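I need the structure of the sequence given here:
(one chain, ligands or ions: 1)
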Amino acid sequence: MPISPRGALCCMLVASASAATAAEPPRRVRVVASFSILADLARNVGGEAVEVSALVGPNADAHVFQPRPADARRLAEADLVLTNGLGFEGWMDRLVRASGYRGPVVVASQGITPLRAGRGFDPHAWQDLANTRRYVANLRDALVRLQPAQAGLFEANAAAYLERLAALDAEVRRALAAVPPERRRAITSHEAFGYFAAAYGLTFLSAQGSNTDAEASAADVARLIDQIRQQRATAVFVENISDPRLVERIVREAGATVGGRLYSDALSAPGTEADTYLKMFAHNSNTIAGALKSAAR
Ligand SMILES: [Zn+2]
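Next up is the predicted model:
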């Protein structure tokens, strides 16, 4: 008796069903993110379907990162590489070439409207929650392209996370609305809060530019000290990725006080106050709002 197409289909279905039962769940997508903030976003969007690591870890400065051979080996084993773009990771192209990695390199900031800084762009776009919405959409789309079978999971995770971003944005706006217009000035060690300032109507000044690879000039430091002396309603912050001594010297010479610690380019260590992007953003906003409201006049 000839084997009918129906019979063949039936047997194929049985065979594939038994294979699926015996098989392990799909291998997790290995994601290597350039720095801790992107890694956290990828974990939220990818959920149980991804295994994420960051090249530049908590409290570390991606501007001056120097990749080691172990980083190239990690990249070689990745399924997806995530970068911020906008010139943030000047070391990434060389590292990708050195590693032999041939997979997709996703630029998370793709599609945002960048702010200019010096001759290039300000890379710190994640300091505006509206930009982070774009980051999340880009990560979701990249994961769906790579692993279409799990598209539903990635889409649901991204939608839930976008809701959390929207709720946080409303909270931040409420907290900062309480700061009077004449008190909306802040100082940090490097220029990392341009997007935050633009989103929430503040002014940030810094001793260093938007890249930490150049030291603050004596003239810039003297200018900041003068500004703090003249405008007493200015809050001064240290950053988790920067040596606090520069800011401490500025506040000492200006007769001011440190308004708190901000997380600019990296999360804090696991288990501490800013170990996720959402906690980091809430912490920064609360610290800025609190310090500006109480800044001496
Ligand atoms: Zn920076």
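
drop to CA atoms for contacts and neighbour counts, all remaining ones
Noted.

From Ile225, how far out is Glu215?
In this view, Glu215 and Ile225 are 16 Å apart by Cα to Cα, to the nearest Å.

quick one, which of those two is more surrounded?
With other Cα atoms under 10 Å as the criterion, Glu215 and Ile225 differ in neighbour count, and Ile225 comes out ahead with 20 against 11.

what mean pLDDT would you report for the host helix or strand of the more buried one?
Under the criterion of DSSP states H and E, Ile225 resides in helix 218-230. Per-residue pLDDT values across helix 218-230 average out to 88.

Arg261 should be in a helix, yeah?
No - with DSSP: H, G, I helix; E, B strand; the rest coil as the criterion, Arg261 is assigned strand and is not in a helix.

these two touch, right, it and Ile241?
No - under the criterion of Cα atoms under 8 Å, Arg261 makes no contact with Ile241, lying 10.1 Å away.

Could you point out which residue ranges in the chain have low pLDDT?
Using pLDDT under 70 as the threshold, the predicted model of the chain has low-confidence ranges 1-23, 233, 296-297.

what comes up buried for the longest helix that the chain contains?
Taking DSSP state H as the assignment, the helix of the chain that covers the most residues is helix 151-177. For helix 151-177, the neighbour count (16 or more other Cα atoms under 10 Å) marks 151, 153-155, 157-159, 161-162, 165, 168-169, 172, 175-176 as buried.

Pull the distance from that helix to the chain's centre.
15 Å (Cα atoms, centre = their mean, to the nearest Å).

What of stretch 35-48?
Shown here is stretch 35-48, whose average C-alpha point lies 9 Å from the average C-alpha point of the whole chain (Cα atoms, centre = their mean).

got it, and stretch 150-163?
Relative to the mean C-alpha coordinate of its chain, stretch 150-163 is positioned 18 Å out (Cα atoms, centre = their mean).

Tally up the residues packed near the spatially closest residue to Ala60 that is not a sequence neighbour, please.
Nearest non-adjacent residue to Ala60, counting by Cα to Cα, 6 or more residues apart in numbering: Ile241, 5.4 Å away. Here the neighbour count serves as a burial measure; for Ile241 (other Cα under 10 Å) it reads 22.

Give the full set of residues in contact with the closest residue to Val107 other than its chain neighbours.
What sits nearest to Val107 in space, not counting adjacent residues and going by Cα to Cα, 6+ apart, is Thr83, at 5.0 Å. Counting by Cα atoms under 8 Å, 6 or more residues apart in numbering, Thr83 makes contact with 33-35, 38, 89, 105-108.

if we can go back for a sec, which strands or helices does the helix holding Ile225 pack on?
Judged by 3 or more Cα pairs under 8 Å, 6 or more residues apart in numbering; DSSP states H and E, the packing partners of helix 218-230 are strand 203-208, helix 245-254.

Out of these, which one sits most buried?
For these, the largest average neighbour count (mean count of other Cα atoms under 10 Å) is found in strand 203-208, namely a mean of 20.

got the angle between it and helix 218-230?
Orientation of strand 203-208 against helix 218-230 (axes from the mean of the first three to the mean of the last three Cα atoms, to 10 degrees) gives an angle of 140 degrees.
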